[in-house]
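[1] I would like to see how this sequence folds:
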Amino acid sequence: MNTSSRNELFQQAKQWVLEAGANIRTQMIQPMEIDTKSNANDLVTSVDKKTEQFFVERIHQHYPDHQLLGEEGYGDDVKELTGVTWIIDPIDGTMNFVHQKRNFAISVGIYQDAVGEIGLIYDVMNDVLYHALRDEGAYRNGEKLPQLKPDVTLETTVLGMNHYMLCPNRLLDEQVMHQLVKKIRGVRTYGSAAIEFAYVAEGILDGYAVMRLSPWDFAAGMIIVHEVGGLTTNLTGNAVDMLQSGSILVSHPNIHQQLIEEYFIKAKK
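    Next up, the predicted model:
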């Protein structure tokens with residue numbers, strides 16, 4: 001994808017993301033249907049579904065040769081990232097959306113033959129748009145984000161993690177995870193993977209680790225974080241599969257390998 005085509009596509013995607021955000025703010029004060037998917041904590045609302053349908057209709061109308069992978073299943077049956085693929089989470093952080101009416105985001109990653117070209121994360125209620133174009137840097141509301149600060153160490157790290165990483169489970173040794181918590185400066189949980197990726201890019205967090213994310217949770221964030229010098233792998237340091245769910249570690253490069261070797265690999269049962 002050349003620079004001109006990428007910029008044109010970004011402007012269109014940005015317009016749709018902001019329009020979808022405005023629609024969400026309107027719909028959220030009206031009665032909505034709330035359902036569950038895989039379990040009682042895996043929520044989906046009528047607004048999630050309408051928002052994904054909004055993107056599907058516009059993408060298929062304007063870019064009929066593009067494919068779309070979306071959380072709610074209204075997109076295409078994507079088997080491989082050939083051509084241009086949009087990977088979309090209409091509302092990342094649905095539980096926050098339902099219970100708090102804040103701390104949720106629209107996440108849109110656009111890939112060309114498996115290469116991340118455009119990433120957009122829109123913090124809807126705070127009206128903050130993070131975006132990145134490949135090799136052109138990352139931005140917060142149009143202001144370019146600096147490269148990640150060079151003096152980060154594990155002892156100064158603030159790490160995003162959810163409670164599944166710390167509670168006893170059959171996948172991780174909780175004692176190793178407790179050692180990690182004692183080593184670093186602090187742990188934060190925001191309930192939206194897209195927002196946590198954006199916070200790593202902005203330097204609010206130094207890393208974010210989670211046992212299981214789907215492509216629509218991280219597709220946009222990977223592009224944005226990469227543009228400021230951050231790294232994204234799974235918890236054992238291998239490349240992320242863009243079409244499968246799996247573990248994720250996104251972090252400052254100073255601490256990435258240390259987290260993997262000294263904590264996450266040891267914590268794997």
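
[2] So Asp77: helix, strand or coil?
    Using DSSP: H, G, I helix; E, B strand; the rest coil, the three-state assignment for Asp77 comes out as coil.

[3] show me the contacts for Gln67.
    Neighbouring residues of Gln67 by Cβ atoms under 8 Å, 6 or more residues apart in numbering: Gly75, Asp76, Val78, Gly83, Val84, Thr85, Trp86. The C-beta positions use only the backbone N, C-alpha and C, and glycine is treated the same way.

[4] now Gln257
    Gln257 touches Gly237, counting by Cβ under 8 Å, 6+ apart.

[5] does Met95 count as helix, strand or coil?
    Strictly by three-state DSSP, Met95 counts as helix.

[6] Could you tell me how far the strand or helix carrying Phe10 lies from the centre of the chain?
    In the assignment (DSSP states H and E), Phe10 maps to helix 3-27. With Cα atoms, centre = their mean, to the nearest Å as the basis, the distance from the averaged C-alpha position of helix 3-27 to the chain average is 17 Å.

[7] which residues are contacting that helix?
    Residues contacting helix 3-27 (Cβ under 8 Å, 6+ apart): 1, 46-47, 50-51, 54-55, 58, 62, 84, 86, 90-91, 106, 108, 110, 117-118, 120, 122, 124-125, 127, 129, 131, 133-134, 136.

[8] again, only using 6 Å
    Contacts to helix 3-27, defined as Cβ atoms under 6 Å, 6 or more residues apart in numbering, come from residues Val47, Thr51, Phe54, Arg58, Ile106, Val108, Glu117, Ile118, Leu120, Tyr122, Val124, Leu133.

[9] want to throw the contacts of Gln67 into a markdown table with pLDDT and neighbour count?
    Formatted as a markdown table, these follow (pLDDT from 0 to 100; neighbours: other Cβ atoms under 10 Å):
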| residue | pLDDT | neighbour count |
| --- | --- | --- |
| Gly75 | 79 | 22 |
| Asp76 | 85 | 15 |
| Val78 | 91 | 17 |
| Gly83 | 95 | 12 |
| Val84 | 96 | 20 |
| Thr85 | 97 | 26 |
| Trp86 | 97 | 26 |
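
[10] hmm, which two among those residues are most spread apart?
    By the measure Cβ to Cβ, those have their two most distant members at Gly75 and Gly83, which lie 13.8 Å apart.

[11] follow-up on the earlier one: which of the contacts of helix 3-27 lies closest to Met28?
    Val47 (6.4 Å).

[12] about what we covered before: export the contacts of Gln67 as TSV, with columns for distance to Val152.
    Output for these, formatted as TSV (distance: Cβ to Cβ, whole Å):
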residue	distance to Val152
Gly75	37
Asp76	39
Val78	35
Gly83	37
Val84	35
Thr85	33
Trp86	33
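
[13] Strands of this structure, residue ranges please.
    Along the chain, the segments classed as strands by DSSP state E run 34-36, 43-45, 67-70, 84-92, 105-112, 115-123, 128-133, 138-140, 143-144, 158-161, 186-188, 207-213, 231-233, 246-251.

[14] okay, those in a markdown table with distance to Ala20 next?
    Putting those into a markdown table (distance: least, Cβ to Cβ, whole Å) gives the following:
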| stretch | distance to Ala20 |
| --- | --- |
| strand 34-36 | 19 |
| strand 43-45 | 14 |
| strand 67-70 | 12 |
| strand 84-92 | 7 |
| strand 105-112 | 6 |
| strand 115-123 | 8 |
| strand 128-133 | 12 |
| strand 138-140 | 19 |
| strand 143-144 | 22 |
| strand 158-161 | 25 |
| strand 186-188 | 27 |
| strand 207-213 | 21 |
| strand 231-233 | 25 |
| strand 246-251 | 24 |
